[in-house]
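Take this sequence and fold it.
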Amino acid sequence: MYLKALLATSSLVFNCALIAQNLGQWSDITTEAGLESYSTSRVKLNDLNGDHWPDVILIPETNNRESPVVYMRTGAPERGNRPYFLKKTDTGLPALSRADTLVFADLNNDGISDAILGRYLDIYQDDYQPPEENPTRTAWLPGNGDGSFGEPLIIGSASPATTRAIAVGDVNADGLPDLYLGNWYERYFTGYEAFSNDLLLQFKSEEGPAFTRWPMPLENQTTSSEDDLGGRPTYGVALPRLDDGIPHLLELNYGRRWNRLYQLREREPLRQLSNTESAAELVIREPRALAQDITRRLHGRNIAPKVHLDGDTIRHGLYPKWPRFNADGTQRSPRQDEAPFRSNGNTFDTAIGDIDNDGDFDLFLSTIIHAWAGDSSDRSRFLVNQLSETGRLDFKSPQSLNVDRIPEIPAPGKPLEEIHKTYNQGDIYAELADLNHDGRLDLILCSSDYPDPPPHDERLRIYYQQSDGHFEDVSQELGLDHAGAGMPSLGDIDGDGDLDLLVGQSFNRLSADQRRKASMTSGMLTPNSSDEEKPRPSASLFLNEATQGRASLVLKLIGDPEKGVCKEAYGTIVHITADLDGDPTTPPSKQIRQVLGPYGHSGKQQMIPIHAGLGQADQANLIEIHWPNGDSLSLTDLPAGRHSIFQTNP
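Numbering: from 1, shown residues only. Model prediction:
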């Protein structure tokens, strides 16, 4: 029954023979696809009208408040059906400040993407000015199904705070999408105090989605340099399932503060409150009582130190002696050595996936580091989950998975060169995906905001995972030249089964020469441009044409909210078994994926449901789907291509 429904609702099934023949290259098709040059570091792909094609959303970053720009994917027969986009007018999206956060998800389970806006409200600044137009608070806007959105609906349970990250998922597995908001400092650039984050649990009301705020553990504690119990400046949040339980709350913190990982557990209430009980059976039955019941049922504790996710093992906070002098020999402002709570990461983003195909989910943390901060500043790194090996959640960071671009330290007795004292690694965004369909996850690393010279420059890099598990930078071989890489967003733009890339750009702190060269590459400047014409960053759309004929499996899962699984199936885990090497004498390989909503820094999101490369195979031997409510579904001999799978047969 499920297989019949799956095949009947399949769409955009691709023919392996039609995969582009320009092997080994990625092509910049920004202009060809109808996208105008747009200066932004934040971009998103999302299906706004339900046609299964990714649409483009570009988030403004000017000091003048502007509305996001939306392009809708359309067919273009005159272009051989190459990807093409038309600009959407009258979207209904409000003007944003450059620090607001916008994500898209089906919040009300109607099958249409809604807009979720996190307002950045630096309310304690002396010169604070509230937003000039509605909504003045964090809100959501119902999607109309055509790329436009309805009037904003305020989420009153969200704190008026410096919200800078949003994750969407179903935390308590009740079929209703929840929101996790990451907040920054209470007063930016003044002190260490930060707002606590907001976990907003959805519950049903007559007016539609309503939310109650779950109190974060220790959120009312004061900031202390010893244990740092209060709020921390959070630049990225995520809701991954890292073990057999419900999703975790992953909090990625700036200021070399420790990251947090909250392990959540549900307890059975003393008495289950229900929307169906009569007033005679339940004296207090208004929505507030139901909301309080939801929050009481959820318990959590920070396990990041226990599982080695809060930061690396260097906790001394000591500065090197040499950074007290600039390159020209003038003395810098002397820096006091830091207390332990300021001795770890400037962590921005995370990528989530099973990099070693062992059946559990690993992480990559992208972190900004500076030479002047010394070795107490954490580096970007893989965190490999030990659950499958040991039976308990824990993370290790093998040196063999190092993707640093730090200049090598001179041999003993040789003096340090200037690059050793001035280098940076501005790793702000990261993502994991199987880009070449060999059955191994690859790494997209987006670095920006610092003027390091080649080969240490800040740019878009793609690392292919090799057969021995290490990651190799293949950006140059793929033809990628994108300096100051901003937010990445993955999706299948041309329907051939591989993942293409929309990526933003940032020129913050890049040198004048670097800006000009990057603008020439993107087409924002031409050889005929005058010297007075200002270089500007530009978002770019890259078409992946480097799968070498390998096929993939793309699954769109549709949950049943009546069974406790939201329509977008957040938290569903899929096991995929396939003969990747084409050798019937060797055992088939297994891959694991999970459905994630928007997460990470600044609302990063992808349009990739469940995607897995099949290597030399043309089908998956076995698909095992584990819905978050405990239901499961198995399918055998599923051919390569794109399929929709319903939890309940429609």
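
before we move on, what SS does F341 have?
helix (DSSP: H, G, I helix; E, B strand; the rest coil).

residues touching the residue lying closest to it once chain neighbours are set aside, list them.
In space, F341 comes closest to D228 once its chain neighbours are excluded; the distance is 4.0 Å by Cβ to Cβ, 6 or more residues apart in numbering. C-betas here are computed from N, CA, C, even on glycine. D228 is in contact with 257-258, 341, counting by Cβ atoms under 8 Å, 6 or more residues apart in numbering.

From H316, how far off is D228?
In this view, D228 and H316 are 16 Å apart by Cβ to Cβ, to the nearest Å.

follow-up on the earlier one: tell me how far the residue nearest to F341 lies from N197.
14 Å.

Ok, T62 next?
T62 is 28 Å from N197, by Cβ to Cβ.

So the two - more neighbours on which side?
N197 (24 against 11; other Cβ atoms under 10 Å).

I493: what secondary structure?
coil.

For it, give me phi and psi.
As for I493, its main-chain torsions (degrees, to the nearest 10) stand at phi -70, psi -40.

In this structure it contacts L543, no?
Yes: between I493 and L543 there is a contact at 6.4 Å, judged by Cβ atoms under 8 Å.

which residues are common contacts for these two?
By Cβ under 8 Å, 6+ apart, the residues touching both I493 and L543 are 29, 83, 500.

shouldn't the first one be in contact with L541?
So that's I29. Yes: shown here, I29 and L541 form a contact pair, counting by Cβ under 8 Å, at 5.6 Å.

what ranges do the helices span in the chain?
2-8, 287-296, 387-390, 418-422, 512-522 (DSSP state H).

tell me how far the longest one is from the chain's mean position?
If you compare the mean C-alpha spot of helix 512-522 with that of the full chain, they lie 27 Å apart, counting by Cα atoms, centre = their mean, to the nearest Å.

Which positions in it come out as buried?
Using 16 or more other Cβ atoms under 10 Å as the test for burial, helix 512-522 gives 514-519, 522.

Contacts only, for the closest residue to N46 other than its chain neighbours.
Nearest residue to N46, sequence neighbours excluded (Cβ to Cβ, 6+ apart): F104, at 4.3 Å. With contacts defined as Cβ under 8 Å, 6+ apart, the neighbours of F104 are 44, 46, 48, 57, 113-116, 143, 598, 605.

any idea how far F104 lies from K44?
In terms of Cβ to Cβ, F104 sits 7 Å off from K44.

what do those two both touch?
57, 605.

Could you double-check that L393 lies in contact with V307?
Yes: using Cβ under 8 Å, L393 is in contact with V307, at 5.3 Å.

D579 and P588 touch, don't they?
Yes: using Cβ under 8 Å, D579 is in contact with P588, at 4.7 Å.

My read is that Q263 contacts G300, right?
Yes: using Cβ under 8 Å, Q263 is in contact with G300, at 6.4 Å.

one step back: who's more crowded, I29 and L541?
Higher neighbour count among I29 and L541: L541, with 26 against 19, using other Cβ under 10 Å.

Report the spatially nearest residue to the more buried one, omitting neighbours in sequence.
Leaving aside its sequence neighbours, L541 is closest to T30 (4.7 Å, by Cβ to Cβ, 6+ apart).

got it, and Y124?
R187 (4.4 Å).

At which residues are the strands of the stretch 501-650 of the chain located?
540-545, 552-558, 573-578, 589-594, 600-601, 610-613, 619-626, 632-639, 641-646 (DSSP state E, counting those that start in this stretch).

Actually, the stretch 101-250 of the chain.
101-105, 114-118, 139-141, 153-154, 163-169, 178-183, 198-203, 210-214, 234-238, 249-253.

Please tabulate the ones you listed in TSV and include distance to L93 and mean pLDDT as additional columns.
As requested, these are exported to TSV (distance: least, Cβ to Cβ, whole Å; pLDDT from 0 to 100):
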stretch	distance to L93	mean pLDDT
strand 101-105	8	98
strand 114-118	6	98
strand 139-141	7	98
strand 153-154	14	97
strand 163-169	15	98
strand 178-183	18	98
strand 198-203	21	96
strand 210-214	21	95
strand 234-238	22	98
strand 249-253	26	98
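
Relative to L432, which of the ones you listed is closest?
Ranking the strands of the stretch 101-250 of the chain by proximity to L432 (Cβ to Cβ) places strand 234-238 first, at 12.4 Å.

What is the neighbour count of D28?
18.

Likewise for P83?
24.

Okay, it and A640: tell me how far apart.
Counting by Cβ to Cβ - P83 and A640 are separated by 21 Å.

likewise G236?
G236 is 34 Å from A640, by Cβ to Cβ.

Backbone torsions only: list them for G191.
Dihedral angles for G191 - degrees, to the nearest 10 - are phi 80, psi 180.

For the closest residue to it other than its chain neighbours, list each beta-bridge partner.
Using Cβ to Cβ, 6+ apart and skipping residues adjacent in sequence, the residue nearest G191 is Y185, 7.3 Å away. Assessed by DSSP bridges, Y185 has beta-bridge partners A194.

ok, back up a step: show me the contacts for the residue nearest to L541.
37, 522-523, 538-541.

Reformat these as TSV; add pLDDT and distance to C566.
Formatted as TSV, those follow (pLDDT from 0 to 100; distance: Cβ to Cβ, whole Å):
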residue	pLDDT	distance to C566
S37	90	37
S522	93	38
G523	90	41
S538	96	36
A539	97	30
S540	97	33
L541	97	29
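
Can you give me the buried ones in stretch 159-173?
For stretch 159-173, by 16+ other Cβ under 10 Å, it's 159, 161-173.

One more: stretch 418-433?
Neighbour count says stretch 418-433 has 420, 422-433 buried, by 16+ other Cβ under 10 Å.

Repeat that for stretch 339-346.
Buried-residue list, stretch 339-346, by 16+ other Cβ under 10 Å: 340-346.

Distance check, the closest residue to T62 other than its chain neighbours against N63.
Spatial nearest neighbour of T62, chain neighbours left out: R98 (6.6 Å); criterion: Cβ to Cβ, 6+ apart. R98 sits 7 Å away from N63, going by Cβ to Cβ.

More neighbours: which of the two?
For R98 versus N63, neighbours defined as other Cβ under 10 Å are more numerous around R98 (16 against 8).

How confident was the prediction at that one?
For R98, the model assigns a pLDDT of 91.

which ones are touching H575?
By Cβ under 8 Å, 6+ apart, the contact set of H575 is 359, 590-592, 622-624, 626.
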